[in-house]
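K.L.:
here's a sequence, model it:
(2 chains)
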Amino acid sequence: MSPTGTCDYQPKDYKSDLKPIWCPGCGDFSVVAAIYRALAGIGRPPHEIAFVSGIGCSSRIPGYTTAYGFNSVHGRCLPIAQGIKLANPDLLVLAAGGDGDGFSIGGGHIPHLIRRNMDITYIVMDNQIYGLTKGQLSPTSPKGRNTCTSRLGSLEAPVNPLLYVLAYGAGFVAQAAPTDLAGMADVIEQAIRYPGFAFVNIQSPCVTYGEEGQQIKGLKAISETLESLGHNPADRLAAMDLAQSYGSKLHLGVFYRNPEPPPTYGDLVKERQDLLSQGALPKERILELFVKK
Amino acid sequence: MRENDPEGRAGGAGSGTYLPMRTNLVFGMAGSGGDGIVSAGDSLLQAAAAEGYHGVMTKSFGSQIRGGESSCRVRISTDPILNPGGNLDVAVALNWEDFLKFGAELPVSGTTVVIYEAATNIPENQIPLVGIMPLQVIAVPIAAMAKATAGTERAKNTVVLGLIAGWFGIGAVAVMKGLRKKLAKKGEELVEANQRAFDAGRTFAMEHPLKVSMQLAPSPSKGAQKLITDGNDMCAAAAIFSGCQFFGGYPITPSTEIMQFFTDHVWKYGGTVLQAEDEIAGIGAAIGASFAGKKAMTATSGPGLSLKTEMMGLASIAELPLVIINVQRGGPSTGLPTKNEQSDLFAACFSAHGDVIRPVLAPTSVADTFSTTIEAFNVAEYYQTPVIVLSDQEISQRKETLDPIDTSQFTIVDRLRPAGSDLQDYKRFKQTANHISPISHPGMPGGTYLASGIEHTEGGAPTNSGTVHARMNTKRTKKFDSLKERKDLFEVTGNPDAPLALVAWGSLAGICREALALAKADGLNVKLLVPYLLYPVAEGTYRDFFASVQKGFIIEQTHLAQFHKVLRMHLDLPKGVKSMARSGANPFLPGEIVAALHRLISELQRSHEHNLQPQE
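P.N.:
Residues are numbered from 1 along each chain as shown, chains lettered A, B, ... in the order given. Purely as a prediction, here's the structure:
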């Protein structure tokens, strides 16, 4: 089903009455605002949207929307999101969380949603720190970073979220930041419109535990749009090349969009259901399968 | 010894004496992986079913992927069968190394006829069963007969089937009829080779009659159509019948066949199955599907249950219906992955952080796996809760012949969904008289809410309030009060006023049902309680049951007497009620339970005599 709705919705129609717990100035305020705009651009009524998250500061986000929300357990937004999508393919399914949720405790799920091409948009609010638990090393923290669990400096290299999903073959990969709200809303909307697994990494500064260079000012200093670089989003190898600069540069926009999206898992399920439901034994007679004639 | 013969018709030793025909025979066969011993068991069971007998078959393997030892037990009876039986009536050893590896799973006694491969070159008086004198021992040149008739030793299993047809009167026609069907695609030549091997076995048997005839009596229900299936397939069929539209899981022995059934069939009913990337994702996807408004399930075994624990807690606090099938095997950790045990009871009842009640149900046979699984979906939907079904390796993988089940007798429950006024200012976790709130799902206008693992208000907003938490804990636990009143989730058999009692659940229930019949035949005044609902513990039902009881046993296959301990957490058992527990892969025999009951009776009588002594 096309993600596009039929009614006119305004961004405010997706904003709930819950007051965010985020610190003043947190990048996630911009992210949720961008999501309201993207959803208004799509135009599906809130009750046809399921928004799933894990645990972390950013995982509070579904509650700040008027969609059906599911604030689940740490690292598990993607398994739950795929169950929702498979149970009701007509829903618009969003998943979101932080870098720890997505690339540490829940990192094992991403490759599998990609290879199944689950039609789900996954937004990671990447702030290189565990904020909710008050400032521990995260999987995207730079090597050498001093945190309360790495007081002498981190000994490990960070995950590169962009390369990670590109390498597994994600059909849509983009990056955004609160430095450009309109651009962020635009890539989220494009991600939702992509028929299959779509990933948006958002550099969302942590104002409390984040480093100086990771704040809006610092991000602005290292950001450039992929468009301005003349990047062709159909070129996966070029996208991987550009993604190498994660951590030193902030490339904004669409890294990769598969020009020929393969069928989604849901499409294949539907095909199989249609094929096999013809002339099936009614479920009231299912025990007849065990009759040995 | 009468464990295998509740009717007591087998009689004792004494060659040449006339004996009535047998109503019940237990076969145990073992060989190497390539010997086809399990496929011979399948053929025997199907032939028995075709002839109208009741049958149960269990398989047991070494842990090797291919080759290694394999065995099966087939119990065939003119009457319905309660368990796979104890001591063997007939033991078939294609070689002794493999046979002996199964130890207590294939117990040979003084009433057993032992048939073994003559090529082992072991004399009949020197078979390696130390200290046991079987009823009769016969060396048969099985491999040589297979080679001579079918041109290959691979037909050894067909020779064995011929021997069984000749000596015990099962499958003289039906075995080959079945094999013809099975081998039809492989060509007439192979069918004929097997026919010759079968005939050779049968002829050998007829030319060498047993010292004591052991022919099975004719079946009373000749030609009646029977189902043959195992507990895992039965469970999956029940789930689909209940309207389950989603299965999320991960392969694990001995539960994988449930997922396999879904991958074969669920599409036909508009549903989906996901072989997930891990156990956590499997249950997570099922929780997602349930949140989306569909009946959903997962299945696993011990190690997977451990992994799913956090997700089960999420389903409890989010009040989402979900069925979790846990097919028990020996634990902890990898434990005994292919053997039976009941030791996941603590994990099923208690593995959760926080204050949680999560219903646990258990089937006792392949047949009642159907009703128990339906009940699990009904309880999950009605109470909006995860429900664990504790099956076990034996029930899940043993094959049973079954009489057709009338599916119209079952009620299917769907969750309470909001309608009309519920959707004005909808509150997902609204406090109600029975603590159950209407549940909406994505796609339903007016029903949007936030499901969460964090504590929440009636409206679903996250909260840190201790007051709200206490109120919600009450809601989430009190709602099960009515479940504990369900008498239909318990089976009581025997004299209601009996002073002796047995309590058993799961696959041990079938053994105790047979023990009860044997004990009654011995004149013992005993009754049996079989709970299908294990948790929450229905204190009232147990108190009523134990009111007349002075002595008895809580019987289970765990090392720590887990069920006994769970019961004692919730009620005071009569002083004379003790635990009878042992760890997995060491089966209980009905006869030893009866012997234990006899000891209890003697104790009772001694104390009674003591009371009758004139007091000084």
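
K.L.:
okay, CA-based contacts and neighbour counts for the rest of this
P.N.:
Will do.

K.L.:
now do the same contact list for residue B:491.
P.N.:
Contact analysis of residue B:491 by Cα atoms under 8 Å, 6 or more residues apart in numbering or on different chains lists B:528, B:529, B:530, B:531, B:532.

K.L.:
let's see it at 7 Å
P.N.:
Going by Cα atoms under 7 Å, 6 or more residues apart in numbering or on different chains, residue B:491 touches B:529, B:530, B:531.

K.L.:
any weak-confidence spans in the chain?
P.N.:
Picking chain A for this. Residue ranges of chain A with pLDDT under 70: A:1-6, A:293.

K.L.:
ah, I was thinking of chain B
P.N.:
B:1-19, B:63-66, B:222-224, B:613-616.

K.L.:
domain parsing of it, as residue ranges.
P.N.:
Chain B breaks down by automatic domain parsing into domains covering B:24-207, B:232-409, B:416-484, B:490-612.

K.L.:
of the ones you listed, which is nearest residue A:93?
P.N.:
Among these, the nearest to residue A:93 by Cα to Cα is domain B:416-484 (9.9 Å).

K.L.:
residue B:578 sits in which helix or strand?
P.N.:
Taking DSSP states H and E as the criterion, residue B:578 maps to strand B:576-581.

K.L.:
what packs against that strand?
P.N.:
strand B:551-556 (3 or more Cα pairs under 7 Å, 6 or more residues apart in numbering or on different chains; DSSP states H and E).

K.L.:
in the stretch 501-616 of chain B, what residue lies closest to chain A?
P.N.:
Closest residue of the stretch 501-616 of chain B to chain A, Cα to the nearest Cα: residue B:507 (21.4 Å).

K.L.:
got the phi/psi numbers for that residue?
P.N.:
Per-residue torsions, residue B:507: phi -70, psi -20 (degrees, to the nearest 10).

K.L.:
contacting residues for it?
P.N.:
B:364, B:365, B:394, B:395.

K.L.:
ok, now with 10 Å
P.N.:
B:82-84, B:340-342, B:362-366, B:391-396, B:556-557 (Cα atoms under 10 Å, 6 or more residues apart in numbering or on different chains).

K.L.:
one step back: direction included, what does the strand holding residue B:578 pair against?
P.N.:
Taking DSSP bridges as the criterion, strand B:576-581 forms sheet pairs with strand B:551-556 (parallel).

K.L.:
and the partner strand, how far out from the chain middle?
P.N.:
Distance of strand B:551-556 from the chain centroid (Cα atoms, centre = their mean, to the nearest Å) equals 19 Å.

K.L.:
for that strand, output the C-alpha coordinates as PDB.
P.N.:
What follows is strand B:551-556, C-alpha atoms only, in PDB (Å, rounded to 0.1, in the frame of the first residue of the first chain):
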ATOM      1  CA  LYS B 551      -0.800 -39.900  52.300                       C
ATOM      2  CA  GLY B 552       0.300 -39.500  48.700                       C
ATOM      3  CA  PHE B 553       2.800 -38.300  46.200                       C
ATOM      4  CA  ILE B 554       3.500 -35.200  44.100                       C
ATOM      5  CA  ILE B 555       5.100 -36.900  41.100                       C
ATOM      6  CA  GLU B 556       7.300 -35.100  38.700                       C
END
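
K.L.:
list the buried residues in that strand.
P.N.:
For strand B:551-556, burial by neighbour count (16 or more other Cα atoms under 10 Å in any protein chain shown) applies to B:551, B:552, B:553, B:554, B:555, B:556.

K.L.:
from chain A, how far out is residue B:231?
P.N.:
12 Å (Cα to the nearest Cα, to the nearest Å).

K.L.:
contacting residues around that residue?
P.N.:
B:237, B:255, B:257-258, B:327, B:363-370, B:391-400.

K.L.:
not counting residues beside it along the chain, what's closest to it?
P.N.:
In this structure, residue B:231 finds its nearest non-sequential neighbour in residue B:396, 3.8 Å apart by Cα to Cα, 6 or more residues apart in numbering or on different chains.

K.L.:
hey, where'd the helices end up in the stretch 401-550 of chain B?
P.N.:
B:466-478, B:481-484, B:507-521, B:539-546 (DSSP state H, counting those that start in this stretch).

K.L.:
need the winner for burial among the ones you listed.
P.N.:
Comparing these by mean neighbour count (mean count of other Cα atoms under 10 Å in any protein chain shown), helix B:507-521 comes out on top with a mean of 23.

K.L.:
run the angle between that helix and strand B:551-556 for me.
P.N.:
150 degrees (axes from the mean of the first three to the mean of the last three Cα atoms, to 10 degrees).

K.L.:
correct me, but the residue nearest to residue B:231 touches residue B:257?
P.N.:
Yes: Residue B:396 lies in contact with residue B:257 (Cα atoms under 10 Å); the separation is 8.8 Å.

K.L.:
who touches both of those two?
P.N.:
Joint contacts of residue B:396 and residue B:257 (Cα under 10 Å, 6+ apart) are B:230, B:231, B:232, B:233, B:235.

K.L.:
out of those residues, which are inside helices?
P.N.:
Using DSSP state H, the subset of the shared contacts of residue B:396 and residue B:257 located in helices is B:231, B:232, B:233, B:235.

K.L.:
assign the spatially closest residue to the third one that is not a sequence neighbour to helix, strand or coil.
P.N.:
Spatial nearest neighbour of residue B:233, excluding adjacent residues (Cα to Cα, 6+ apart): residue B:258 at 5.9 Å. Reducing the assignment to helix, strand or coil with DSSP: H, G, I helix; E, B strand; the rest coil, the entry for residue B:258 is helix.

K.L.:
also the one 3 residues further on?
P.N.:
Classification of residue B:261 into helix, strand or coil gives helix, according to three-state DSSP.

K.L.:
dihedrals phi and psi, residue B:548?
P.N.:
phi -90, psi 0.

K.L.:
in contact with the residue nearest to residue B:231, which residues?
P.N.:
B:58, B:229-235, B:254-258, B:327-328, B:340, B:363, B:365-366, B:369, B:507 are the contacts of residue B:396 under Cα under 10 Å, 6+ apart.

K.L.:
can you give the distance of stretch B:539-554 from its chain's centre?
P.N.:
Mean C-alpha position of stretch B:539-554 versus that of the full chain (Cα atoms, centre = their mean) differs by 24 Å.

K.L.:
which residue is nearest the middle of chain B?
P.N.:
Chain B has residue B:395 as the residue nearest its centroid, 2.0 Å off, counting by Cα atoms, centre = their mean.
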